[in-house]
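In: Build me a structure from this.
(one chain, ligands or ions: 2)
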Amino acid sequence: MTLSRRDFLWLTAAGLVAAPTLANGSIKPDARRLNLVLQPEQRHWFAPLGEPVALWSFDRDVLRLRQGEAVEIEVENRLPNPSSVHWHGLRIDNAMDGVSGLTQDPIPPGGRFLYRFTPQDAGTFWAHSHHQTYEQLARGLYMPLIVEEQQPADVDRELTLALDDWRLNEARQLDTHSLGDMHDWAHGGRTGNLLTANRQLKPQLQVRAGERVRLRLLNAANARIMLVNLPNLPCWIWAKDGQPLAVPEVLTTSLILAPAERYDLVLDIPDEATGVLPIQLESDQAPVDLAYLRVDDRAERRFSGVPNALPANHLPVIGAEKPAHRVQLDMTGGAMGSLRQAVYQGETLGVRELVQRKQIWAFNGVANLPDQPLLEARSGELIEIELLNNTRWPHSMHLHGHHFQADLARYAKGIWHDTLVMAAGEGTRIRFRADKPGSWLLHCHMIEHQAAGMVSWIRVL
Ligand code: C2O
Ligand code: CU
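Out: Numbers count the residues shown, from 1 in each chain. Ligands and ions are numbered 1, 2, ... in the order given. Below you'll find the predicted structure:
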């Protein structure tokens, strides 16, 4: 039998000829096709004297997508280990969320996986491995992901700084021996001894005096909370975790940038600026320069005063109504904590047995990914989770697939997060509306803490 074009159209309209579909969604003929490769990389941080440092990376420095434009991204794994790619902060179908063992099998070495989605939100996001994340992130398997607004923003220039913290050994190679070190896992996670911006040592980014600059900041470190300082630069917070602030907020202090958080800042380079302007990390000793803005030239000032808000993304509204679900998440464990036992894979274990299984943290008394979700909600329902950090450590809490609001006084009211840093002992209520069906992780992004127990999930029906 042969079908005429006309028959074909009719059958299609009747739903009788199903287009071949992959894991999720229908094939969109207008999807932009992209390839990404996960691969080993040699970084010349100490050239010309030193050996290159062996890392893992994506084959691009940054991925730029457009809001509302469907993409099909074929990821090829040229690493010696299995991997997967999570699009941190993007609100996409659960099957595309890239969590190995939950939403997909890992991509084997030599294998490929086709991710298909349409970014709904413009903003600053990132892609990173979500398989053995504590190792693969430490090796560098991440990349900033920018979703462009439909209209260009009111700035003269846009810069991105992905900050990272690497642990090198005496041979100036990645310290792979200490991957999985239980002392790190029970304390503040794996912190390093070499800071980079865009995988470079103190890069110089070119600007002109008089320009308004959009600076996208990402903390891609495994565990280090960064206090970023931009001395003497008029500066506003424009967006957090990809979502614009309704009213840009002037930044007068250092910025707390916890693992996986992003900020979009607006900087006005003063008309009289010359030379280099440092972007610094505050420390208990002298501040450390991370990168420099190099003022090369002068521009006619086009923008001044408080910037207009970026156009809001269409997030589900959070009303004042009573949430359909209200649960507590009691975070416990870690060094100097009082964890005595926890459930691990259905068994109640004492601390010694937990440590043998590399577990030392718990959510509601359960270490590691439980069989049962923290809660089950229907799409559209309002959820409130009370996060209680009953530990002696800060944590950078990340919810997959949703943005939420928290009631912490240090943030402007109504600000959205997909990642929220909580101080030791702090508690907050977060609210969000269940959106897409599927299994969505909630975990600490100080990624050793996730590996050592701080992970749960919600199910949306
Ligand atoms: Cu940025 Cu579960 O990850
Ligand atoms: Cu943590």
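In: ok, and the closest non-adjacent residue to the residue of the chain found nearest ligand 1?
Out: With CB to the nearest ligand atom, the shortest gap between the chain and ligand 1 falls at His88, namely 3.7 Å. C-beta coordinates here come from the backbone N, C-alpha and C atoms, glycine included. Using CB to CB, 6 or more residues apart in numbering and skipping the chain neighbours, the partner closest in space to His88 is Trp126 (5.0 Å).
In: tally of neighbours for that neighbour?
Out: When neighbours are defined as other CB atoms under 10 Å, Trp126 has 24 of them.
In: now swap in Asp59 and tell me
Out: A count of nearby residues for Asp59, using other CB under 10 Å, gives 13.
In: Now it: closest residue in space that isn't a chain neighbour?
Out: With CB to CB, 6+ apart as the criterion, Asp59 has its nearest non-adjacent residue at 4.1 Å, and that residue is Val37.
In: would you say that neighbour is within a strand?
Out: Yes - with DSSP: H, G, I helix; E, B strand; the rest coil as the criterion, Val37 is located in a strand.
In: near ligand 2, which residues of the stretch 1-150 of the chain show up?
Out: Where proximity means CB under 5 Å from the ion, the stretch 1-150 of the chain presents no interface facing ligand 2.
In: In three-state terms, label the residue of the stretch 1-150 of the chain found nearest ligand 2 for me.
Out: Residue nearest to ligand 2 within the stretch 1-150 of the chain: Tyr134 (11.7 Å; CB to the ion). Classification of Tyr134 into helix, strand or coil gives helix, according to three-state DSSP.
In: Touching, it and His445? I think so.
Out: No - because the distance of 10.9 Å does not satisfy CB atoms under 8 Å, Tyr134 is recorded as not touching His445.
In: These two - which one has more neighbours?
Out: A count of neighbours by other CB under 10 Å puts His445 above the other of Tyr134 and His445, at 28 against 23.
In: Return the backbone torsion pair for the nearest residue in space to Ala70 that is not next to it in sequence.
Out: The spatial neighbour of Ala70 that comes closest, neighbours along the chain excluded (CB to CB, 6+ apart), is Ala31 at 4.0 Å. The phi/psi pair for Ala31 (degrees, to the nearest 10) reads phi -70, psi 140.
In: The one 3 residues further on too?
Out: Reported as degrees, to the nearest 10, the phi and psi values for Leu34 are phi -140, psi 150.
In: Can you name the residues bridging to the residue lying closest to it once chain neighbours are set aside?
Out: The shortest distance from Leu34 to any residue other than its chain neighbours is 4.8 Å, reached at Ile73 (CB to CB, 6+ apart). Beta-bridge partners for Ile73, by DSSP bridges, are Leu34, Tyr115.
In: Over to Ala367?
Out: Residues found in beta-bridge contact with Ala367 (criterion: DSSP bridges) are Tyr344.
In: Can you pull the residues of the stretch 301-450 of the chain lying near ligand 1?
Out: Residues of the stretch 301-450 of the chain that fall close to ligand 1, judged by CB under 6 Å from any ligand atom: 398, 400, 441, 443, 445.
In: that older thread, in its sheet, which strands sit next to the helix or strand hosting the residue nearest to His88, and in what direction?
Out: Taking DSSP states H and E as the criterion, Trp126 maps to strand 123-129. Strand 123-129 has the following strand partners under DSSP bridges: strand 85-88 (antiparallel), strand 142-148 (antiparallel).
In: With only the CA atoms kept, save that strand in PDB.
Out: Below are the C-alpha coordinates for strand 123-129, written out as PDB (Å, rounded to 0.1, in the frame of the first residue of the first chain):
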ATOM      1  CA  GLY A 123      17.900  33.400  32.300                       C
ATOM      2  CA  THR A 124      21.200  32.000  33.600                       C
ATOM      3  CA  PHE A 125      21.300  28.200  34.100                       C
ATOM      4  CA  TRP A 126      23.900  25.500  33.900                       C
ATOM      5  CA  ALA A 127      24.300  22.000  32.700                       C
ATOM      6  CA  HIS A 128      26.200  19.500  34.700                       C
ATOM      7  CA  SER A 129      26.700  15.800  35.100                       C
END
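In: I'd like the distance from that strand to the chain centre, please.
Out: On the basis of CA atoms, centre = their mean, to the nearest Å, strand 123-129 is displaced by 5 Å from the centre of the chain it belongs to.
In: Please enumerate residues in contact with that strand?
Out: By CB atoms under 8 Å, 6 or more residues apart in numbering, the residues outside strand 123-129 that reach it are 38, 58, 63, 83-90, 136-137, 141-147, 160, 162, 216-218, 220, 239, 241-244, 260, 262-264, 313.
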